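> Dropping the sequence and predicted coords here.
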Amino acid sequence: MERIILFDGECNLCDQSVQFIIKRDPDGVFTFASLQSDIGKMLLNKCNVSSEIDSFVLIEGERYYVKSSAALRVCKNITGAWKLLYALVVIPKPLRDFFYGMIAKNRYKWFGKKDQCLLPSPDVRKRFLS
């Protein structure tokens, strides 16, 4: 099953999160695209998700997930003890998404914004959709 993560390419926290996932995804289960890219916009449109979304998006096959649900599904599929965080899925989604939303709303203020993207190594670059 194809798993695509759409992330805010201007957000330092989002960039660090992508790097975090790459390091814990040795089999290359996830591919990535920025929300601002043409492919990101096309995938959002295909999923019928607003381009104004304030979350990263996980697309798994024909389904998509946003906010805390996306984050927890990613944790479920990376190596290490991070898989245990998936147990938080028992917390009601509105409560999980409330806390996710607080971080998302303040991510530029707390973590900053990027002026330009770093070029990944060729090995990692092939995991980014363009």
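Okay, I see it.

> quick one: Arg127 from Phe32, how far?
6 Å (CB to CB, to the nearest Å). C-beta here means a position set from N, CA and C on the backbone, and glycine is covered the same way.

> Can you pick out the residue with more neighbours from these two?
Taking neighbours as other CB atoms under 10 Å, Arg127 and Phe32 compare with Phe32 leading, 21 against 18.

> And whichever strand or helix holds that one, what does it pack against?
Under the criterion of DSSP states H and E, Phe32 resides in strand 30-34. Contacts defined by 3 or more CB pairs under 8 Å, 6 or more residues apart in numbering; DSSP states H and E place strand 30-34 against strand 3-7, helix 12-23, helix 38-47.

> List the strands paired with the helix or strand that the last one is followed by, with their directions.
Read in the C-terminal direction, the helix or strand following helix 38-47 is strand 57-60, with elements assigned using DSSP H and E. The strands beside strand 57-60 in its sheet (DSSP bridges) come out as strand 3-7 (antiparallel), strand 63-66 (antiparallel).
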